[in-house]
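[1] coords below, sequence missing:
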């Protein structure tokens with residue numbers, strides 16, 4: 001068990017976590033998507049956080065705004081004000097026109113209201129690992145009491161996780177990986193990770209799942225959208241499933257494994 005993790009910070013991991021909210025039912029990483037996830041029975045959501053040009057943590061996945069808004073250019077070239085003037089909903093469907101890019105603070109406030117847990121993926125703009133973590137912690141630390149057991153930080157970026165353990169080691173950490181190379185075990189040990197969050201394709205063999213569990217890590221794979229695969233992974237000892245398709249997988253939220 002992670003020796004630096006205060007016991008009340010241990011995440012109360014659910015079976016199912018909504019990817020970027022309710023990815024298949026609403027525009028990703030928006031407040032309406034988080035509300036929809038709660039309506040579909042999700043207990044936790046996964047979100048992505050990066051900084052604006054004025055160093056405000058916002059919930060946004062891509063480096064650029066092009067795919068999910070009516071704007072163009074890197075997120076880090078927008079101030080918060082200019083970013084929130086963009087339409088982040090109509091790309092998904094006209095019914096969501098006018099939806100805004102939320103700040104991390106707005107998201108935390110809503111998740112406390114909805115009793116939603118948060119898997120916060122730290123996605124730094126180039127060269128901003130340390131300041132992204134610092135800004136995120138400045139936003140979330142005042143809510144430690146309300147969020148106890150309901151937060152997990154994750155990142156592909158080792159510098160982000162190192163900064164997180166240096167500044168606030170009591171928050172639980174997860175290493176994101178796309179493959180099980182030779183470094184996942186040493187990196188998770190060095191960073192005192194609570195979970196490993198692998199691409200679910202890494203878990204095709206029972207041996208791989210067993211090797212992770214034997215290292216005392218929890219497993220939260222992404223992004224699983226087939227109920228048969230999700231059920232099998234839960235049966236084999238995986239702790240949570242990150243999914244785009246909450247509608248299809250919601251029956252697994254109370255699955256006993």
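    Yep, that arrived. Not measured: the values here are computed from a predicted model.
[2] make it CA atoms for all contacts and neighbour counts henceforth
    Will do.
[3] ok, which stretches of this protein are strands?
    Ranges of strands in the chain, per DSSP state E, are 16-19, 44-51, 57-59, 117-122, 151-155, 173-177, 195-198, 218-219, 241-243.
[4] And the ones you listed: which comes nearest residue 255?
    Closest to residue 255 of these is strand 16-19 (Cα to Cα; 9.7 Å).
[5] ok, residues contacting the closest one?
    37, 42-47, 223, 240-246, 249-250, 252-253 (Cα atoms under 8 Å, 6 or more residues apart in numbering).
[6] Next: stretch 205-214.
    196, 202-203, 218-219, 236-238.
[7] Give me the average confidence score over stretch 18-31.
    Per-residue pLDDT over stretch 18-31 has a mean of 98.
[8] Let me know how buried residue 111 is, in neighbour terms.
    When neighbours are defined as other Cα atoms under 10 Å, residue 111 has 22 of them.
[9] Pretty sure residue 117 is one of the things it touches, is it not?
    Yes. Counting by Cα atoms under 8 Å, residue 111 does reach residue 117; the two are 6.8 Å apart.
[10] re earlier: could I get the strands of the chain as a markdown table with mean neighbour count and distance to residue 141?
    Shown next, in a markdown table, are the strands of the chain (neighbours: other Cα atoms under 10 Å; distance: least, Cα to Cα, whole Å):
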| stretch | mean neighbour count | distance to residue 141 |
| --- | --- | --- |
| strand 16-19 | 30 | 22 |
| strand 44-51 | 26 | 15 |
| strand 57-59 | 26 | 13 |
| strand 117-122 | 25 | 13 |
| strand 151-155 | 23 | 11 |
| strand 173-177 | 24 | 15 |
| strand 195-198 | 23 | 21 |
| strand 218-219 | 22 | 24 |
| strand 241-243 | 28 | 25 |
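[11] Pass me the low-pLDDT residue ranges in this protein, would you?
    Applying pLDDT under 70 to the chain flags residues 1-8, 257.
[12] And the helices in it?
    Per DSSP state H, the chain carries helices over the ranges 31-39, 80-83, 104-114, 129-140, 158-167, 184-190, 206-214, 227-235, 246-249.
[13] Just the buried residues of the longest one, please?
    Using 16 or more other Cα atoms under 10 Å as the burial criterion, the residues of helix 129-140 that qualify are 129, 131-137, 139.
[14] Check the second one too.
    When burial is assessed from 16+ other Cα under 10 Å, helix 80-83 yields the following buried residues: 80, 83.
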